[in-house]
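Undergrad: Sharing a sequence plus its predicted fold:
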Amino acid sequence: MKTLTDKKIVIETRDIAKVYQDSKIAVQALKDVDLEISEGEFTAIVGPSGSGKTTLLNIIGGLDNPSSGTIKVAGRDISKLKDSERIDFRLHNIGFVFQQYNLIPVLTARENVEFIMLLQKIPVHEMKARSLHLLEEVGLKDKANIRPSELSGGQQQRVAVIRALASRPKFILADEPTANLDSASAANLLDMMARMNLEEGMTFIFSTHDQRVIDKARRVVTLEDGIIKSDEIRS
Amino acid sequence: MKMLATIAWRNVWRSRGRSLVVIGSIVVGIWALIFMLGFMNGFMISYINGAIRHEISHIQIHKVDFKKDHNIGIVIPGGMVLAESLVSDPRIQAVSSRSVTNGMVSSPRKSSGVRIYGIIPERERSVTHHDSLIVEGSYFITDLKNPIVIGKELANTLKVKLNSKVVLTFQDRENNLVAGAFRVAGMLETTAPQINKATAYITIEDLTRIAGLKEGVHEIALLLENPESETVVLPDLRSAHPDLLIESWREIAPELELFLSMTDSFLWVLIGIIMIALIFGIINTMLMAVLERYRELGMLMAIGMNKWRIYMMIVIETIFLSLVGGPVGIFLGLLTMYWLGMQGIDLSAYSEGLREFGYSSILYPYIENSAYVYVAVGVIITALLGALYPAYKAVQLNPIEALHTV
């Protein structure tokens, strides 16, 4: 099993399998997936549609449970957590970036960025300072009081990314973050995430089949039919 | 909580049209509720006040056993003196001493059974206000010898007019039949059918003279300054006169008490029906809102918003919907009550039927201030009940499935 560096392993899957049982047929989404991810990695999980990328990301993010095997994230077996504990774990450890941005439409860009910090009960002055700093970082300070519907796709995704990392989670899980973006926006977003990864030291994991993301990743794990086919570490 | 409230408030206005429809239905529902409460209350008050003011008064005093057969010999000992002493009680607004017996009234063309009241007109008018209900003639302001005031309906039955002669026949204290001739001085029309059809008023002097009574007070009727003081005045009178039968209007006319409780029950049923309709309207709207935002709710759960917060967000949103509609509905209801309380609702088109049941033809809706508070609390409870199921549906969602909802 490979890791990017000799840094501390923060995600560890052992013989993970996931079977989706329909009323008539069973679909094996993941088979015996063993994966270790170290702190601060910038990893892309790639593969064709239906290869199990999103399923693996959901399991790592505590949104789904494996059918068998163990999953440890930040040293905790999250498959054994109760529903409420898992929500709390996600709140304090994981930042999500979704393909569809999924911003809260009735909140402004700044309020969206502050939302998770608010749930974490971070002091207001600290929260406001952090959100404004991040909005400035991504060039959206002047859009702070604008609602998502008035932002472009690229701008919305930038807000979604800084919302995910505003509370300084240990992990950022991004599911196809560039799928709906044009080339310029995607490049811009990837540069920003790479910079954040270096500056903030968070672990980034992407599920993607976008070559632009793959080119940027420092580790590429390829899934096919639910099995890890290759695990490439780049210098 | 502030952020939840912010999101909830903004969500209310997200589907402006839909929210306005629900708010509108809350406004109309609450207005209708207040109007119905006021209307029914006004109906009830009109009926009971009519009965108290024109018929039974607040308290009546009799000698024990008199009411069994209205025996003319069972008089209140020292009735006149007792009545005079009650006049000086500041809690009592008016006192009327009456002589009462049953008999027959006859005209040249017809006869009819009547209850005959011998009254002191000046005293009686301050208790029953019958002078204000005179439709023909006057209330004992006449030069006629032996004047009698009867109901207009009774006059029609007897086919008599003003100044016509009628004869009253009844038993004296020795149980002998006695009779006296009277001239019709006035005709009245009340909301009480038995007064209109079967009651005759003469002066107490005439009645006691014909019946051969020395002391002729069978009944003392009291009108209180403040109806609420009945609970104090009644025990005081009872302890001061243990040998007399002293009854409140509730005991004299238990059907009024029954009517009160029936109306109360009916109102609760009405409130229940309106509230249930509102609850279903709210459930429908909020359920639509939840299903529409399935993906968003899934995202909130995914990023770490716990189920309690999501539940509360839906509940707060529902309360906001009601808090916008509720005060508007209450305010409109208040205005309507204020206006109708002064103008009254003219039900004269139905006055014949209403009079048969003892109602006045002008109805003044009335609602106590506390009822507005109950309505406001009811709105909040309705909102909370209406929020339960949509909020439950929201927290039951699976974030992964929700996130894949288009």
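TA: Done, it's in.
Undergrad: So which other helices or strands are in contact with the helix or strand harbouring A:Ala194?
TA: Element membership for A:Ala194 (DSSP states H and E) is helix A:183-200. Packed against helix A:183-200 by the contact rule (3 or more CB pairs under 8 Å, 6 or more residues apart in numbering or on different chains; DSSP states H and E) you find strand A:42-46, helix A:153-166, helix A:211-216. For glycine as for every other residue, the C-beta is placed from the backbone atoms N, C-alpha and C.
Undergrad: now these as a markdown table including mean neighbour count?
TA: Formatted as a markdown table, the helices and strands packed on helix A:183-200 follow (neighbours: other CB atoms under 10 Å in any protein chain shown):
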| stretch | mean neighbour count |
| --- | --- |
| strand A:42-46 | 25 |
| helix A:153-166 | 24 |
| helix A:211-216 | 16 |
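Undergrad: coming back round to it: need the residues that contact the helix holding A:Ala194.
TA: A:40, A:42, A:137-138, A:152-154, A:157-158, A:161, A:165, A:168, A:172, A:174, A:177-178, A:181, A:202, A:204, A:210, A:212-213, A:216 (CB atoms under 8 Å, 6 or more residues apart in numbering or on different chains).
Undergrad: closest to B:Gly38 out of the helices and strands packed on helix A:183-200?
TA: The closest of these to B:Gly38 is helix A:153-166. By CB to CB, the value is 52.4 Å.
Undergrad: Measure how far the closest one is from the centre of its chain, please.
TA: Helix A:153-166 has its average C-alpha position 12 Å from the chain's average C-alpha position, going by CA atoms, centre = their mean, to the nearest Å.
Undergrad: Next up, the contacts around residue 114.
TA: Using chain A here. Contacts of A:Glu114 (CB under 8 Å, 6+ apart): A:Met127, A:Lys128, A:Arg130, A:Ser131, A:Ala166.
Undergrad: Let me rephrase: I mean chain B.
TA: With CB under 8 Å, 6+ apart, B:Val114 has these contacts: B:Asn102, B:Gly103, B:Met104, B:Val105, B:Ile150, B:Leu154, B:Leu168, B:Ala198, B:Thr199, B:Ala200.
Undergrad: Which pLDDT value goes with it?
TA: In this prediction, B:Val114 carries a pLDDT score of 95.
Undergrad: residues contacting B:Arg115?
TA: B:His70, B:Val100, B:Thr101, B:Asn102, B:Gln194, B:Ala198, B:Thr199, B:Ala200.
Undergrad: Show me how far stretch A:61-81 is from its chain's centre.
TA: 16 Å.
Undergrad: any idea of the mean pLDDT for that stretch?
TA: 90.
Undergrad: As CSV, could you dump the C-alpha coordinates of that stretch?
TA: Below are the C-alpha coordinates for stretch A:61-81, written out as CSV (Å, rounded to 0.1, in the frame of the first residue of the first chain):
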residue,chain,number,x,y,z
GLY,A,61,-16.9,11.1,4.2
GLY,A,62,-19.1,9.1,6.6
LEU,A,63,-22.1,9.6,4.3
ASP,A,64,-22.4,5.9,3.6
ASN,A,65,-21.4,2.7,5.4
PRO,A,66,-19.4,-0.1,3.8
SER,A,67,-21.1,-3.5,3.5
SER,A,68,-17.9,-5.0,4.9
GLY,A,69,-14.4,-4.0,5.9
THR,A,70,-13.2,-1.2,8.1
ILE,A,71,-12.8,2.5,7.5
LYS,A,72,-10.8,4.7,9.9
VAL,A,73,-10.7,8.4,9.4
ALA,A,74,-8.6,10.5,11.7
GLY,A,75,-8.1,7.4,13.8
ARG,A,76,-11.9,6.7,14.3
ASP,A,77,-13.8,3.8,12.8
ILE,A,78,-16.6,6.0,11.4
SER,A,79,-18.7,3.0,10.3
LYS,A,80,-19.4,2.3,14.0
LEU,A,81,-20.6,5.8,14.8
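Undergrad: hmm, which of the contacts of B:Val114 are the buried ones?
TA: Buried by 16 or more other CB atoms under 10 Å in any protein chain shown: B:Gly103, B:Met104, B:Val105, B:Ile150, B:Leu154, B:Leu168, B:Ala198, B:Thr199, B:Ala200, out of the contacts of B:Val114.
Undergrad: Return only those of these found close to chain A.
TA: Among the buried ones among the contacts of B:Val114, proximity to chain A is found for none (CB under 8 Å from any CB of the partner chain).
Undergrad: mind putting the residues you listed in JSON lines, distance to B:Val28 included?
TA: Compiled in JSON lines, the buried ones among the contacts of B:Val114 are given as follows (distance: CB to CB, whole Å):
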{"residue": "B:Gly103", "distance to B:Val28": "56"}
{"residue": "B:Met104", "distance to B:Val28": "57"}
{"residue": "B:Val105", "distance to B:Val28": "54"}
{"residue": "B:Ile150", "distance to B:Val28": "49"}
{"residue": "B:Leu154", "distance to B:Val28": "47"}
{"residue": "B:Leu168", "distance to B:Val28": "57"}
{"residue": "B:Ala198", "distance to B:Val28": "46"}
{"residue": "B:Thr199", "distance to B:Val28": "46"}
{"residue": "B:Ala200", "distance to B:Val28": "51"}
